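# Just the structure for this:
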Amino acid sequence: MIAHLVGWQPSLVKLLESRGVIMRIGHYQLKNRILLAPMAGITDQPFRKICAHYGAGLTFSEMMSTNPQVWHTEKSKLRLAHHQDAGINAVQIAGSDPDEMAQAAQVNVEYGAQIIDINMGCPAKKVNRKMAGSALLQYPDLVQQILEAVVKSVNVPVTLKIRTGWDTENRNCVEIAKIAEQSGIQALTVHGRTRACKFEGVAEYDSIKAVKQAVSIPVIANGDMISPQQAKFVLDYTGADGVMIGRGALGRPWVFQTMVGLVEHNSIVNEPSLEEKCGVILQHIRELHQFYGDEKGYRIARKHIAWYLQDIQPHSVFKQDFNAITSASAQLDALEQFFRLI
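As a prediction, this is how the structure comes out:
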């Protein structure tokens, strides 16, 4: 099934380039402006491959710690695992010490990273307690030290992901954006919420628009991008160079196909048929089993099936039955039987 997913025609690239809508990060030309966000526990190699096949212009790995003790662990190696079908190998790192961040960037480049993304947007408490993620937005001087150290340490493009600020009284994304540009950051993603907002409420795009007007590096808008119409609105409203899809892709990797259609070609592209979706889901679960091994794979598969069911059959009770299955082969048998009945 995956072999028959969306491709990318060279003639179309030339057409988009002539219209000035091709996006670049450093010397890399992206195939479009619709990007997959780095998400811990989600954007592993199997998921990135599917999103790339459905048209994601760039996909990011899960967040990598800058703690040297975990760089060479099996868990880190799985997070770093890349496949050419996922496109450009972009790896996100998180930490708070400039020297450790620089070293982590170097290690990841040695493992094959072609783009290094720095996480200053994660709102999770366990990350912020270590003064990493969005906690760093409180300390612009430290932000500058980290960015300059990482940029100087590697010969690949370095990008940055931030939020609009620490809280609604302290939105300093424009200040951070200017520091990023001066430090040599090649592209900046801005999630339209503060750290204090977490993922609650509605993303606001005025701050992203202000950032775009303040710097000349590519700016990528993130937050609440769940439909092609929303993605197009945000691009038009903010003037951003691209949009980044996070939670909107959970259980819906085909959303990239519909977004690329509207944003890049101003055309309505229908979602795949139910038959195609079921085939892709089965292939995804098989690849999870192969990638992680049966025991870990069937556990990770559970959350993806929950997300897929929200898209294809939101009121189904199959999720409870699926979560009780404790073998990889039984999962596939149950899925095939379930799909034959819908």
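# which residues of this structure fall in strands?
24-25, 28-29, 34-36, 58-65, 90-94, 115-120, 158-163, 187-191, 219-222, 242-245 (DSSP state E).
# Could you give the number of residues near residue 93?
A count of nearby residues for residue 93, using other CB atoms under 10 Å, gives 26. Glycine gets a C-beta too; all of them are placed from N, C-alpha and C.
# I meant to write residue 213 there.
Using other CB under 10 Å, residue 213 is surrounded by 12 other residues.
# And residue 126, by the same measure?
A total of 9 residues lie near residue 126 under the criterion other CB under 10 Å.
# wait, what's in contact with residue 196?
Contact partners of residue 196, counting by CB atoms under 8 Å, 6 or more residues apart in numbering, are 123, 166, 167, 168.
# ok, back up a step: want to try JSON lines for the strands of the chain, with mean pLDDT and distance to residue 271 as columns?
Formatted as JSON lines, the strands of the chain follow (pLDDT from 0 to 100; distance: least, CB to CB, whole Å):
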{"stretch": "strand 24-25", "mean pLDDT": "97", "distance to residue 271": "28"}
{"stretch": "strand 28-29", "mean pLDDT": "96", "distance to residue 271": "27"}
{"stretch": "strand 34-36", "mean pLDDT": "98", "distance to residue 271": "15"}
{"stretch": "strand 58-65", "mean pLDDT": "90", "distance to residue 271": "20"}
{"stretch": "strand 90-94", "mean pLDDT": "94", "distance to residue 271": "26"}
{"stretch": "strand 115-120", "mean pLDDT": "96", "distance to residue 271": "29"}
{"stretch": "strand 158-163", "mean pLDDT": "98", "distance to residue 271": "28"}
{"stretch": "strand 187-191", "mean pLDDT": "98", "distance to residue 271": "26"}
{"stretch": "strand 219-222", "mean pLDDT": "98", "distance to residue 271": "22"}
{"stretch": "strand 242-245", "mean pLDDT": "98", "distance to residue 271": "15"}
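# that older thread, need the buried ones from the contacts of residue 196 selected in ChimeraX.
Remark: buried members of these, expressed as a ChimeraX selection using 16 or more other CB atoms under 10 Å:
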select :123,166
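# Residue 32 and residue 264 touch, don't they?
Yes. Judged on CB atoms under 8 Å, residue 32 makes contact with residue 264 at a distance of 5.3 Å.
# Skipping its backbone neighbours, what lies nearest the residue most central in space within the chain in space?
For the chain, the residue nearest the mean C-alpha position is residue 37 (1.5 Å; CA atoms, centre = their mean). In space, and not counting its chain neighbours, residue 37 is closest to residue 246: 3.7 Å by CB to CB, 6 or more residues apart in numbering.
# Please report phi then psi for the one you found.
With angles defined as degrees, to the nearest 10, residue 246 sits at phi -110, psi -100.
# what's the distance between the residue nearest to residue 142 when sequence neighbours are not counted and residue 182?
Ranked by CB to CB, 6+ apart and with sequence neighbours excluded, the top spatial neighbour of residue 142 is residue 136, at 6.2 Å. Distance of residue 136 to residue 182, given as CB to CB, to the nearest Å: 16 Å.
# Residue 338 now?
Distance check for residue 338 against residue 182: by CB to CB, it reads 54 Å.
# So for these two, which residue has more residues nearby?
Taking other CB under 10 Å, residue 338 and residue 182 do not tie; residue 338 has more neighbours (18 against 12).
# and the more buried one, what does it touch?
residue 318.
# what does residue 228 give?
Counting by CB under 8 Å, 6+ apart, residue 228 makes contact with 255, 258, 259, 261, 262, 263, 268, 269.
# what's around the residue nearest to it when sequence neighbours are not counted, how many residues?
Spatial nearest neighbour of residue 228, excluding adjacent residues (CB to CB, 6+ apart): residue 262 at 3.8 Å. Neighbours of residue 262 under the rule other CB under 10 Å: 17.
# Residue 262 contacts residue 230, doesn't it?
No. Look at residue 262 against residue 230 with CB under 8 Å: they stay out of range, at 10.0 Å.
# Just put the contacts of residue 196 in a markdown table and tack on distance to residue 202 and pLDDT.
A markdown table is the format used below for these (distance: CB to CB, whole Å; pLDDT from 0 to 100):
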| residue | distance to residue 202 | pLDDT |
| --- | --- | --- |
| 123 | 16 | 82 |
| 166 | 19 | 89 |
| 167 | 16 | 87 |
| 168 | 13 | 88 |
